[in-house]
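**Q** pasting the structure only:
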């Protein structure tokens, strides 16, 4: 029983720690996207990437950090922007 509880506690620590790391990552990625979007020459790509970046921010505020990071990556791909991930 003690081993099971220790394993469960360890698993929860990983999940909570991972969620917190993602929570700190979202704003950094959004900031990078917003800074680089004006340099995107293709108007349609810039517009689509801005829409996706807005969705990133909304997901972050809703606490959906993994989805927010994925949406930021999608926005970066559309715009041709290379994001610097926090380590």
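**A** Nice, I can see it. All of these numbers come straight from a predicted model, not from anything done at the bench.

**Q** Nearest residue to the middle of the chain?
**A** Nearest to the geometric centre of the chain sits residue 69, at 1.8 Å (Cα atoms, centre = their mean).

**Q** Would you agree residue 23 is in contact with residue 65?
**A** Yes. Shown here, residue 23 and residue 65 form a contact pair, counting by Cβ atoms under 8 Å, at 4.9 Å. Where C-beta positions appear, they are placed from N, C-alpha and C, glycine not excepted.

**Q** between these two, who's got more neighbours?
**A** residue 65 (19 against 15; other Cβ atoms under 10 Å).

**Q** Can you show me the helices along this protein?
**A** Secondary structure of the chain (DSSP state H): helices located at 2-36, 43-61, 65-79.

**Q** Could you give me the buried positions within the last one?
**A** This points to helix 65-79. Within helix 65-79, the residues scored as buried using 16 or more other Cβ atoms under 10 Å are 65, 67, 68, 69, 71, 72, 73, 74, 75, 76, 78, 79.

**Q** now residue 67: how far from residue 43?
**A** 27 Å (Cβ to Cβ, to the nearest Å).

**Q** same thing with residue 28?
**A** 26 Å.

**Q** Also residue 80?
**A** Residue 80 is 14 Å from residue 43, by Cβ to Cβ.

**Q** Same drill for the two, tell me which one is more crowded.
**A** residue 80 (13 against 8).

**Q** Phi and psi next, for the more buried one.
**A** phi 70, psi 30 (degrees, to the nearest 10).

**Q** which residues does it contact?
**A** Going by Cβ atoms under 8 Å, 6 or more residues apart in numbering, residue 80 touches 40, 45.

**Q** And the pLDDT for it?
**A** The model reports residue 80 with a pLDDT of 96.

**Q** swap in residue 83?
**A** As predicted, residue 83 sits at a pLDDT of 92.

**Q** Surely it and residue 70 touch.
**A** No. The criterion here is Cβ under 8 Å, and residue 83 misses it with residue 70 at 11.8 Å.
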